[in-house]
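**Student:** got a predicted structure plus its sequence, pasted below:
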There are 2 protein chains.
Amino acid sequence: MDIDRGSLPRAEAEEYASWFKALADATRIQIVSLLARRREPMSVGEIVAVSGVGQSTVSHHLKILAEVRFVLVERQGTSSLYRINEACVSCFPTAADVVMGNPAPAAPACE
Amino acid sequence: MDIDRGSLPRAEAEEYASWFKALADATRIQIVSLLARRREPMSVGEIVAVSGVGQSTVSHHLKILAEVRFVLVERQGTSSLYRINEACVSCFPTAADVVMGNPAPAAPACE
DNA sequence: GCGCTTCATCGATTATCGTCGATTCTCGAT
DNA sequence: ATCGAGAATCGACGATAATCGATGAAGCGC
């Protein structure tokens, strides 16, 4: 395919797709949004208590979000503390701009 | 769940999720990006010729993109002309900002 | 009307996803 | 060493998705 000329290169499109896929679920969006608003780390238990789904499900979602580095994790004692990846806060909307053909304002890659 | 306090309301999260889901595929990202760069309408055949997947698959992807109104369609004679929805060009990156907890610069809802 | 082009839809196949309950693992405390 | 709490992993389930080939429907030219 030579859609790459006139569009995005396939490799770039696939990376963006993995980002959007990570947010293609309402529960994950709420988790990211929650962590983004409180800038402080939260334990899995706190997120479970507020998320409306089971613990294993939350853990699964957090793993997906961590794989694309939307969230960062740090083990502390018996609990895992998750926090938003500040870099993504500015770089992810920029990716949306790129897909939509907008001139990227600034912000290069995400870390 | 009362994740709605401190995060996004569930209904809003679900709407955003449907948007991100529409772009959770590299082929669809390339199609959107292609239509966004050429601002002119393209026929399905043109997109197929450049997309690397079959005609029925492209038609399927275009339907998904049209359902969330990222693209608009207009039948002309025997062919269907798809074009980018200009409103989404600015409003979709804003949605990304909202999810990431950024203060939305301006741009209200996408019609 | 007939055929051709263009696109949408159908049916089937295969793969991926969200969720759950149960289990396992890792700590810290006793 | 044992226990208990917190979190990750496993196995399974139904649901959804991506892709294809084939078929169907709409419009144009002859």
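**Tutor:** Good, I have the coordinates.
**Student:** which residues of chain A fall in strands?
**Tutor:** A:42-43, A:71-76, A:79-84 (DSSP state E).
**Student:** and the second one, which strands flank it?
**Tutor:** Taking DSSP bridges as the criterion, strand A:71-76 pairs within the sheet with strand A:79-84 (antiparallel).
**Student:** burial count for the residue nearest to residue A:8 when sequence neighbours are not counted?
**Tutor:** Counting by Cβ to Cβ, 6 or more residues apart in numbering or on different chains, residue A:8 lies nearest to residue B:33, which is 4.5 Å off, once chain neighbours are set aside. For the C-beta atoms, the positions are set from N, CA and C on the backbone; glycine is no exception. Using other Cβ atoms under 10 Å in any protein chain shown, residue B:33 has 23 other residues around it.
**Student:** so residue B:33 versus residue A:48, what's the distance?
**Tutor:** Computed as Cβ to Cβ, to the nearest Å, the residue B:33 to residue A:48 distance reads 37 Å.
**Student:** ok, residue A:95 next?
**Tutor:** Distance of residue A:95 to residue A:48, computed by Cβ to Cβ: 29 Å.
**Student:** these two: who's more crowded?
**Tutor:** residue A:95 (23 against 17).
**Student:** which residues touch the more buried one?
**Tutor:** A:16, A:19, A:110, B:96 (Cβ atoms under 8 Å, 6 or more residues apart in numbering or on different chains).
**Student:** next up, the contacts around the residue sitting nearest the centre point of chain A.
**Tutor:** Centroid-nearest residue in chain A: residue A:70, 3.1 Å away (criterion: Cα atoms, centre = their mean). Residue A:70 makes contacts with A:19, A:22-23, A:32, A:84-85, A:88, A:92, as judged by Cβ under 8 Å, 6+ apart.
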